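Engineer: Here is a sequence with its predicted model. Questions after.
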Amino acid sequence: MTQTLFLGLALFAVLLWIFTQHCNTAIGLLLGVQVWAIAVGGETPLLDVGFSVLPSDLLAACAVLVAGARLLRRGAPPRAELLLVLAVMCLVGWSLQRGVGTFGLASAANDARVYFWQFFASALYVATAPLHPGRARAVVRLWLVSAAAYAALSLAGWLNTGLHSVVDVGTLGGEVYDPRPVPARSALVLAQSAVLLLCPWGGSSSASARTAEYRPGGDRRGRQGRPAGSRWKILPALLCLVFVVLLQHRTVWATTLVMAVVWWALVPARAGQRLVSAAAALLSLCVVTLTFATGMFGGVGSVLADSFAETQDENSTFAWRMHGWQELMDGPKTLAEWLLGSPFGSGYDRWVEGVVISVSPHDYYLHVALRLGVVGLFTLLAAYLLVWRRLGSDGNGTPALRLMVVSHLVLFVSYSPFPEQGVLLGLCLWQLRADAADRSEAGPRKPLVARQQDDTARRETDPAHDEYLERAGGTSRMGP
């Protein structure tokens, strides 16, 4: 036991050094441990300290310690959206402390471990990462690598068992298996990767990178838009979407559809661009429907049709979840529990179709309300809404990250977030820090009269400035 403890402390020290000195590597570890857990069917406990310590727990502890040290060293107060996330984490800590005193360390820790502790630890670590020119791009690349790993796991699963409808009960070696080779969280990573590949990224990447050279959506001359070199991203993005469809996670289908609709709403309405994109989408939908109706997709079409039809059944998975939500909401609660939630470890027992169900609610809004109360739920929603608003407050905006916020808000209806989604929330918070630093370095904007005076003086001393204004669509002292 002593030797195991010393080895655990040594491993923790090494990880703490990595999280302190090599931020991108640490983010890769946060994503990689989730891929590994799905590949091998779960994490192996490292040691027992009253509850089983998993590798992801160790990484989350390092993330929180380093992020806390960054906030203390920085001195300046965090931005409002980060303060809201910190407020949620404080509520998590308080509920966890109450749960340990009432239900014991193991029950409380297991309840808070994944969807609260690890999720917010990942978000806080990425949000407080140093402002570096290539940080955002590195995080996106790591995300795409994890998506490629999930795609490989999906292919391996289909090669082993074949492609089957989610409504079919399959057996392999006498054991029942899920026909979907990877869970919904992996399918969501693939859907989000498609968005990150297809969407222009208009935000800045660091405080020192004010030019578009460091921006995924711009070029070295500062022109925004999709550079020609990004056309190669269309094929891998489409492949990600094909995997999303074949994996048959209906919540991820809905999330992808909502992201597509919101992207369409965010597209600038220039020269009928929205109308053209809507017509193209409608035409594509009609073609797909026609091919399904004529059986051109063969067995694959039948599998997907059965999976979609299950959502319309009165005994569908979603209907089953709604019954459970109603049972949890109807349980006896005091005013304090409504406001601040029940402590971690309280359990989620409810009767659904004559069976006692003990798993988490499969709805993060309800999950947060049960453990952090209405106060925690409103604080979390306020953080997400503020992030959404501020990501779109600049002229260039960051459509890709705004769609990540949308994906979370839709996902929370049917699932609680896994730790890798905390990396995306942290990236949104980090991007807002970088944008604020850019504006701070640029200095205050001059009043309109002062800018006009400077422009007049420049024209008088530089005749070539007239030609520049004419090309830019402005006026010159020589007339139109």
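Structural biologist: Received the coordinates, thanks.

Engineer: give me the low-pLDDT residue ranges for this structure?
Structural biologist: Within the chain, the ranges that satisfy pLDDT under 70 run 1, 75-76, 165-177, 200-230, 268-320, 332, 353, 394-397, 441-480.

Engineer: give the contact list for the residue nearest to residue 349 when sequence neighbours are not counted.
Structural biologist: Nearest residue to residue 349, sequence neighbours excluded (CB to CB, 6 or more residues apart in numbering): residue 358, at 5.4 Å. Every C-beta, even on glycine, is put in place using the N, C-alpha and C of the backbone. Residue 358 is in contact with 347-349, counting by CB atoms under 8 Å, 6 or more residues apart in numbering.

Engineer: One more: residue 257?
Structural biologist: Per CB under 8 Å, 6+ apart, neighbours of residue 257: none.

Engineer: And the helix or strand containing it, what's buried?
Structural biologist: Secondary structure assignment for residue 257, by DSSP states H and E: helix 250-266. For helix 250-266, the neighbour count (16 or more other CB atoms under 10 Å) marks 250-256, 258-260, 262-263 as buried.

Engineer: Next SSE downstream of the strand or helix carrying residue 15?
Structural biologist: Secondary structure here is read from DSSP H and E; on that basis residue 15 sits in helix 2-21. Sequence order places helix 23-40 as the next helix or strand after helix 2-21, per DSSP H and E.

Engineer: What lies in contact with that next one?
Structural biologist: 15, 18-19, 43, 55-56, 59, 62-63, 66, 122, 125-126, 129-130, 132, 135, 138-139, 142-143, 145-146, 149-150, 153, 182-183, 185-186, 418-420, 422-423.

Engineer: just to revisit the earlier point, mind putting the contacts of residue 358 into CSV with neighbour count and secondary structure?
Structural biologist: Putting those into CSV (neighbours: other CB atoms under 10 Å; DSSP: H, G, I helix; E, B strand; the rest coil) gives the following:
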residue, neighbour count, secondary structure
347, 13, coil
348, 19, coil
349, 12, coil
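
Engineer: quick one on the thing from earlier: could you dump the buried residues of helix 250-266 into CSV with distance to residue 338 added?
Structural biologist: Below are the buried residues of helix 250-266 laid out as CSV (distance: CB to CB, whole Å):
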residue, distance to residue 338
250, 31
251, 27
252, 32
253, 34
254, 29
255, 29
256, 34
258, 29
259, 33
260, 37
262, 32
263, 37
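
Engineer: now, among those residues, which is nearest to residue 107?
Structural biologist: Using CB to CB, residue 251 is the member of those that sits closest to residue 107, with 27.9 Å.

Engineer: Thought residue 414 was touching the closest one, still the case?
Structural biologist: Yes: between residue 251 and residue 414 there is a contact under CB atoms under 8 Å: 4.3 Å.

Engineer: Does residue 356 lie in a helix or a strand, and which?
Structural biologist: strand 355-357.

Engineer: Just the closest of the contacts of residue 358 to residue 86, please.
Structural biologist: Looking across the contacts of residue 358 and measuring by CB to CB, the closest to residue 86 is residue 348, at 26.4 Å.

Engineer: Wait, the closest one touches residue 371, no?
Structural biologist: No: applying CB under 8 Å as the test, residue 348 and residue 371 come out as separate, 9.9 Å apart.

Engineer: give the contact list for residue 325.
Structural biologist: So residue 325 contacts 361-363, 366 (CB under 8 Å, 6+ apart).

Engineer: Heading C-terminal from the one helix or strand it maps to, find the next helix or strand.
Structural biologist: Here residue 325 sits within helix 317-330, counting by DSSP H and E. Note on helix 317-330: by DSSP H and E, the next helix or strand toward the C-terminus is helix 335-340.

Engineer: Among the contacts of helix 23-40, which lie within helices?
Structural biologist: In helices, judged by DSSP state H, the following of the contacts of helix 23-40 are found: 15, 18-19, 55-56, 59, 62-63, 66, 122, 125-126, 135, 138-139, 142-143, 145-146, 149-150, 153, 185-186, 419-420, 422-423.

Engineer: Would you mind listing which of those residues are buried?
Structural biologist: Buried among the ones in helices among the contacts of helix 23-40 (16+ other CB under 10 Å): 15, 18-19, 55-56, 59, 62-63, 66, 122, 125-126, 135, 138-139, 142-143, 146, 149-150, 153, 185-186, 419-420, 422-423.

Engineer: Now do residue 17 against residue 26, distance only.
Structural biologist: According to CB to CB, to the nearest Å, residue 17 and residue 26 sit 10 Å apart.

Engineer: swap that for residue 138, please
Structural biologist: From residue 138 to residue 26 the distance is 11 Å (CB to CB).

Engineer: now residue 150
Structural biologist: Counting by CB to CB - residue 150 and residue 26 are separated by 21 Å.

Engineer: now do residue 130
Structural biologist: For residue 130, the distance to residue 26 - CB to CB - is 12 Å.

Engineer: cool, residue 349 as well?
Structural biologist: For residue 349, the distance to residue 26 (CB to CB) stands at 38 Å.

Engineer: Over to residue 244?
Structural biologist: Applying CB to CB to residue 244 and residue 26 gives a distance of 28 Å.

Engineer: Please apply the same query to residue 164.
Structural biologist: On the measure of CB to CB, residue 164 and residue 26 end up 39 Å apart.

Engineer: Of those two, which one has the most company?
Structural biologist: residue 26 (23 against 19; other CB atoms under 10 Å).

Engineer: My guess is residue 341 contacts residue 379. True?
Structural biologist: No: using CB under 8 Å as the test, residue 341 is too far from residue 379 to be in contact (11.7 Å).

Engineer: dump the residue contacts of residue 428.
Structural biologist: 387, 391, 401, 404-405.

Engineer: Give me the neighbour count for the closest residue in space to residue 256 that isn't next to it in sequence.
Structural biologist: Spatially, and ignoring its direct neighbours in sequence, residue 256 is nearest to residue 191 (4.5 Å; CB to CB, 6+ apart). Neighbours of residue 191 under the rule other CB under 10 Å: 28.

Engineer: helix or strand right after the strand or helix carrying residue 191?
Structural biologist: Applying DSSP H and E as the criterion places residue 191 in helix 184-198. Later in the chain than helix 184-198, the nearest helix or strand by DSSP H and E is helix 234-247.

Engineer: Can you mark which positions in that following helix are buried?
Structural biologist: 236-237, 239-241, 243-247.

Engineer: Would you mind measuring the gap between the ends of stretch 409-425?
Structural biologist: 11 Å (CA to CA, to the nearest Å).

Engineer: Counting neighbours, what do you get for residue 117?
Structural biologist: 23.

Engineer: With residue 429 instead?
Structural biologist: If you count neighbours by other CB under 10 Å, residue 429 ends up with 26.
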